[in-house]
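Peer 1: Mind folding the following:
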Amino acid sequence: MADTGYIHHEQHLRSSDFISDIVIGMSDGLTVPFALAAGLSGAVSDSSLVVTAGIAEIVAGSIAMGLGGYLAGRTEADHYDSERRREVREVETVPEREKEEVREVFAEMGLSPALQVAIADELAKDKVKWVDFMMKYELGLDEPDPNRATKSALTIGLSYVAGGLIPLSPYFFVEHPHQALIYSCGLTLLCLFVFGYFKSKVTGQSPVAGAFKVMLIGALAAAAAFGVAKLFG
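Peer 2: From the prediction side, this is the model:
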């Protein structure tokens, strides 16, 4: 066959954990402070009150979200370590049963019985690689980044702060909260649309549909908060 000179490039999403953390922090950061600011705008007459409450919410929210990311990362790491210790113990105490599990993995791939036995016997010669294989192909677990919990906490927390300052920013410059809310709505809805567009594009969904969905969720949250504040105010 003639060489056409075509080079195949595979495109894969890298650093998916990092992107997921940004999405989690930024989406909540844009939506929750936006809803809070909208709600307060229907109940107070001074933008400084909205700014004070908004900053307090951003600080508390970023810490809470970051802590949640940290605990999730630690739980993942602890679960992996626990399962690995169990696999090491089983390789030492019941090696024949573990070999059978290796053969079952390759049987599902369609390999012949003779080849299953040969691979299992060869793999058993290196217990570290044997355990690595069992973790990945029997349990479906990849070794997590040891710094995952800290990175996740920082990424989610900082993304929340960055997102939260966007809807709050007009209140720093406009004295009347109702007028500031108009600017905040325009700015935040635009950012939600852009954020939703790129989030959907990265995750392989329809960018425009995803953008409108994210923007609609933010708008509904803000409208609900504003309505409740007006009702009870």
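
Peer 1: Low-confidence bits of this structure, can you list those?
Peer 2: Residue ranges of the chain with pLDDT under 70: 1-15, 203, 229-230, 232-233.

Peer 1: one more time with 90, if that's ok
Peer 2: By pLDDT under 90, the low-scoring segments of the chain are 1-48, 50, 72-74, 76-84, 86-149, 151, 174-233.

Peer 1: next structured bit after the biggest helix by length in it?
Peer 2: In the chain, assigned by DSSP state H, the helix with the most residues is helix 47-93. Once the chain leaves helix 47-93, the next helix or strand it forms, by DSSP states H and E, is helix 95-108.

Peer 1: angle of that following helix against helix 47-93?
Peer 2: Regarding helix 95-108 and helix 47-93, their directions subtend 110 degrees when assessed with axes from the mean of the first three to the mean of the last three Cα atoms, to 10 degrees.

Peer 1: tell me what the longest helix of the chain is packed against?
Peer 2: The contact analysis (3 or more Cβ pairs under 8 Å, 6 or more residues apart in numbering; DSSP states H and E) places helix 47-93 against helix 16-41, helix 95-108, helix 127-133, helix 148-168, helix 170-173, helix 177-202. Placement of C-beta: from N, CA and C, glycine included.

Peer 1: of those helices, which approaches Ala53 most closely?
Peer 2: Closest approach to Ala53 among the helices and strands packed on helix 47-93 is made by helix 16-41 (5.8 Å; Cβ to Cβ).

Peer 1: May I see the buried residues of the closest one?
Peer 2: By 16 or more other Cβ atoms under 10 Å, the buried positions in helix 16-41 come out as 17, 19, 21-41.

Peer 1: Output the contacting helices and strands for it.
Peer 2: Using 3+ Cβ pairs under 8 Å, 6+ apart: helix 16-41 touches helix 47-93, helix 148-168, helix 177-202, helix 207-232.

Peer 1: roughly how far out does it sit from the chain middle?
Peer 2: Between the centre of helix 16-41 and the centre of its chain there are 12 Å (Cα atoms, centre = their mean, to the nearest Å).

Peer 1: follow-up on the earlier one: report the angle between the longest helix of the chain and helix 177-202.
Peer 2: 30 degrees.

Peer 1: Now do the buried residues in stretch 94-106.
Peer 2: Across stretch 94-106, burial judged by 16+ other Cβ under 10 Å covers 98-99, 101-103, 105-106.

Peer 1: between those residues, which is closest to Lys151?
Peer 2: Nearest to Lys151 among the buried residues of stretch 94-106, with distances taken as Cβ to Cβ, is Val105, at 31.6 Å.

Peer 1: Next one: the closest one from Ser47, what distance?
Peer 2: Here the distance between Val105 and Ser47 works out to 62 Å (Cβ to Cβ, to the nearest Å).

Peer 1: same deal with Leu67?
Peer 2: 30 Å.

Peer 1: Name the residue in the two with the higher neighbour count.
Peer 2: Each of Leu67 and Ser47 has its neighbours counted (other Cβ atoms under 10 Å); Ser47 has more, 25 against 13.

Peer 1: Quick check: the gap between that one and Leu189.
Peer 2: Ser47 is 19 Å from Leu189, by Cβ to Cβ.

Peer 1: and what of Gln116?
Peer 2: Taken as Cβ to Cβ, the span from Gln116 to Leu189 is 58 Å.
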